[in-house]
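Trainee: A structural model of the following input is requested.
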Amino acid sequence: MAVRISRIALGVTLAFISTSLVSQQQSGETKLGSETPASEVYRVGGSVSPPQVIKAPDPQYSKEALKKKIEGTVVLWVVIGPDGVPKDVRVQRSLGYGLDQEAIEAVKKWKFKPAKLKGQPVTVQVNVEVNFRLYQRY
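Mentor: You can find the predicted model right below:
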């Protein structure tokens with residue numbers, strides 16, 4: 001019995017989830033914290049458009065997870081820069097068995113079309129779900 005990982009199985013969802021550090025500004029965009037303008041981190045919504053995945057190499061299945069046939073979802077907290085590159089990647093919801101680290105390593109290699117505010121690329125925080133599913137070949 002061979003096991004394969006399907007690109008479809010490793011589905012990715014950008015989840016634009018609220019955070020307690022978010023404050024609304026008069027212009028309608030949502031910004032995290034109180035950083036200087038050069039380092040502002042926004043949240044998608046209002047006039048801030050979402051980033052779009054343009055390159056997403058699949059994560060590897062860890063040997064431990066494969067041996068134990070672990071499936072599930074890792075949720076990552078990701079800051080995506082105005083260049084479309086993930087700047088900060090942290091685990092928000094763990095799956096364990098080495099899959100959290102595999103998800104982090106994969107997402108660090110991803111490339112995004114950046115989020116935009118008034119047509120200009122901006123830094124945003126998003127939650128990314130990385131799904132791990134095993135399929136059998138028949």
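Trainee: State the mean pLDDT of the longest strand along the chain.
Mentor: In terms of residue count, the longest strand belonging to the chain (DSSP state E) is strand 120-132. Average pLDDT, strand 120-132: 96.
Trainee: Check the secondary structure at the residue nearest to Ile70 when sequence neighbours are not counted for me.
Mentor: Leaving aside its sequence neighbours, Ile70 sits nearest to Tyr97 (C-beta to C-beta, 6 or more residues apart in numbering; 4.8 Å). All C-beta atoms are positioned from the backbone trio N, CA, C, and that covers glycine. Secondary structure, DSSP: H, G, I helix; E, B strand; the rest coil: Tyr97 is coil.
Trainee: residues near Tyr97, how many?
Mentor: The number of residues packed near Tyr97 is 19, by other C-beta atoms under 10 Å.
Trainee: List the pairing partners of the longest strand of the chain within its sheet, with orientation.
Mentor: Looking at strand 120-132 with DSSP bridges, its paired strands and their directions are strand 12-15 (antiparallel), strand 41-43 (parallel), strand 72-80 (antiparallel), strand 115-117 (antiparallel).
Trainee: hang on, the earlier thing: can you tell me which residues contact the residue nearest to Ile70?
Mentor: Counting by C-beta atoms under 8 Å, 6 or more residues apart in numbering, Tyr97 makes contact with 62, 64-65, 68, 70.
Trainee: how much space between it and Pro51?
Mentor: Counting by C-beta to C-beta, to the nearest Å, the gap between Tyr97 and Pro51 amounts to 29 Å.
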